[in-house]
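S.K.: Test case, fold it:
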Amino acid sequence: MKHRVTAQVDLDVIKSNYNYIKSLVGQARVMAVVKADGYGHGACITAQKLSELGCEDFAVACLGEAQELRECGIKGNILILGPTDAKLINEVIEGDFIQTVDSLDYAKALAKRGRVRVHIKVDTGMSRLGIYCHSEECLSASAYEISGIAALENISVEGIFTHFADSDGDGEQFTRWQYKIFTALLSELDSRNINVGVRHCCNSAATLRYPEMHLDMVRAGIILYGLMPSPNIKDENIRPAMRLSARVCAVHELKAGDCVSYGCAYRAKQDTRVAVIAIGYADGFSRVYSGKELIRINGKTFATVGRICMDMCMVDIGLDFECSVRDEAVVFETSEDIDRLANALGTINYEILCSLKHRVKLEYKGI
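M.R.: The predicted structure is shown next:
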């Protein structure tokens with residue numbers, strides 16, 4: 001057993017998801033969000049596959065992620081969504097990356113380093129990064145600040161965007177308000193003859209729910225990898241691309257009353273057998289999953305028993321179930337499996353994908 005835990009990524013499924021998203025957005029471009037190592041799927045190989053399909057726009061969180069894409073041969077536009085220290089802007093310029101700018105002061109700091117490609121971010125309600133524009137009363141001041149950025153000699157404004165805070169939520173009111181403010185700002189900038197380049201606001205949820213908001217480009221993240229942004233959104237054309245499994249590394253008998261794992265938190269109620277699975281919290285299989293019915297072996301789902309360890313967990317398979325060392329233990333292969341893990345952890349499916357650790361071996365199908 002060379003690899004204890006394997007995440008199998010089907011690139012043909014990512015291809016299918018990408019082509020489906022393209023079919024939804026018409027003439028708009030699709031920016032592939034490959035931050036956080038492609039949501040755990042491997043940023044480089046995922047981006048390479050998407051490049052083959054004609055994708056020319058990618059988004060990452062930071063400079064290091066952008067550099068990784070260039071190092072593996074990605075030639076397209078790479079937008080850095082987070083701030084980069086102005087002292088490192090020479091590396092942004094050398095990599096021909098696009099830097100997100102969220103204020104005139106930041107743009108001035110960048111301009112001192114050389115000519116920088118930028119997208120301007122507008123905060124229409126996320127209250128995270130961006131030029132503050134939460135209401136119509138802000139339009140003039142926001143437009144003034146953006147005009148100052150566009151006027152800087154070393155700043156090349158190639159795009160402008162905002163981020164929806166509740167596009168996957170129960171209601172539509174806040175998203176429609178954000179869109180109204182953003183498009184009003186775009187109109188104000190147009191009236192001032194300020195060219196801000198490509199306009200984008202749709203994340204995965206908005207791409208599916210609000211086709212009228214696609215503008216020039218959409219940012220496809222979680223849907224690219226086959227999961228829904230929230231239970232409020234359903235689309236059977238989007239399929240998960242990853243399957244996570246481990247191996248049974250031991251099977252042994254227990255007597256009634258025997259303890260399992262740390263703290264003796266579990267005692268066998270009767271004579272039974274335990275299968276030891278080679279996955280633990282250091283692989284991303286959280287200790288919180290202890291006692292939850294999440295592991296599938298030979299078609300049957302079992303609850304873990306005892307506390308999940310750093311490198312292993314245990315399941316009670318009874319006396320009669322057929323199970324041997326090296327048998328596969330499936331952690332997830334469907335969106336329902338991933339949602340079950342997320343619910344058990346009290347989180348969202350994004351975190352399940354992004355929590356896989358480096359020692360989980362990524363294997364690819366469809367290269």
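
S.K.: Would you mind extracting the C-alpha trace of the longest helix along the chain into CSV?
M.R.: The helix spanning the most residues in the chain, taking DSSP state H as the definition, is helix 173-191. Output in CSV follows, covering the C-alpha atoms of helix 173-191 (Å, rounded to 0.1, in the frame of the first residue of the first chain):
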residue,chain,number,x,y,z
GLN,A,173,-33.1,41.0,-2.1
PHE,A,174,-29.5,41.6,-1.0
THR,A,175,-27.9,40.2,-4.1
ARG,A,176,-30.2,42.3,-6.3
TRP,A,177,-29.3,45.4,-4.2
GLN,A,178,-25.6,44.7,-4.6
TYR,A,179,-26.0,44.3,-8.4
LYS,A,180,-28.0,47.5,-8.6
ILE,A,181,-25.3,49.5,-6.8
PHE,A,182,-22.5,47.9,-8.8
THR,A,183,-24.2,48.6,-12.2
ALA,A,184,-25.1,52.1,-11.1
LEU,A,185,-21.4,52.7,-10.3
LEU,A,186,-20.5,51.3,-13.8
SER,A,187,-23.0,53.8,-15.3
GLU,A,188,-21.5,56.6,-13.3
LEU,A,189,-18.0,55.7,-14.5
ASP,A,190,-19.2,55.5,-18.1
SER,A,191,-20.7,58.9,-17.8
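
S.K.: For it, name the packing helices and strands.
M.R.: The elements that helix 173-191 packs onto, with contact taken as 3 or more CB pairs under 8 Å, 6 or more residues apart in numbering; DSSP states H and E, are helix 139-151, strand 155-162, strand 198-202. All C-beta spots, glycine's among them, are computed from the backbone N, C-alpha and C.

S.K.: Can you give the contact residues for it?
M.R.: Helix 173-191 is contacted from outside by 122, 124-125, 133-136, 138-140, 142-143, 146-147, 160, 162, 164-167, 169, 196, 199, 201, 206, 210, 213, using CB atoms under 8 Å, 6 or more residues apart in numbering.

S.K.: ok, now stretch 327-342?
M.R.: Contacts with stretch 327-342, where a contact means CB under 8 Å, 6+ apart, come from 226-228, 231, 239-240, 242-248, 275, 277, 279, 285, 289, 294-298, 315, 348-349, 351-353.

S.K.: Now with 7 Å, please.
M.R.: With CB atoms under 7 Å, 6 or more residues apart in numbering as the test, stretch 327-342 has contacts from 226-228, 240, 243-248, 277, 279, 285, 294-298, 348-349, 351-352.

S.K.: Now it: buried residues?
M.R.: For stretch 327-342, the neighbour count (16 or more other CB atoms under 10 Å) marks 329-332, 335, 337-342 as buried.

S.K.: Looking at those residues, which is nearest Gly26?
M.R.: When the buried residues of stretch 327-342 are compared for distance to Gly26 (CB to CB), Ser335 comes out closest, at 26.1 Å.

S.K.: Can you name the next helix or strand after the longest strand along the chain?
M.R.: Longest strand of the chain, by residue count under DSSP state E: strand 242-254. Next helix or strand after strand 242-254 toward the C-terminus (DSSP states H and E): strand 259-260.

S.K.: Met228 in helix, strand or coil?
M.R.: Classification of Met228 using DSSP: H, G, I helix; E, B strand; the rest coil returns coil.

S.K.: try Ile308
M.R.: Under three-state DSSP, Ile308 falls in the coil class.

S.K.: Please give me every residue in contact with it.
M.R.: By CB under 7 Å, 6+ apart, the residues touching Ile308 are 280-281, 285, 287, 289-290.

S.K.: what's the answer for Val30, then?
M.R.: Residues counted as contacts of Val30 (CB under 7 Å, 6+ apart) are 18, 21-22, 55, 218, 220.

S.K.: rewinding a little: which one, of the helices and strands packed on helix 173-191, ends up nearest to Glu91?
M.R.: Closest to Glu91 of the helices and strands packed on helix 173-191 is strand 155-162 (CB to CB; 16.8 Å).

S.K.: from the chain's centre, how far out does the closest one sit?
M.R.: Relative to its chain's centre, strand 155-162 lies at 23 Å (CA atoms, centre = their mean, to the nearest Å).

S.K.: buried ones in that strand?
M.R.: Buried residues in strand 155-162, defined by neighbour count with 16+ other CB under 10 Å: 155, 157-162.

S.K.: Show me what that strand pairs with in its sheet, parallel or antiparallel.
M.R.: Using DSSP bridges, strand 155-162 pairs in its sheet with strand 116-123 (parallel), strand 198-202 (parallel).

S.K.: What sits closest to Leu129 if chain neighbours are left out?
M.R.: Asp102 (4.7 Å; CB to CB, 6 or more residues apart in numbering).

S.K.: In CSV: the helices and strands packed on helix 173-191, plus distance to Ala86 and mean pLDDT.
M.R.: Below are the helices and strands packed on helix 173-191 laid out as CSV (distance: least, CB to CB, whole Å; pLDDT from 0 to 100):
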stretch, distance to Ala86, mean pLDDT
helix 139-151, 14, 98
strand 155-162, 13, 98
strand 198-202, 24, 98
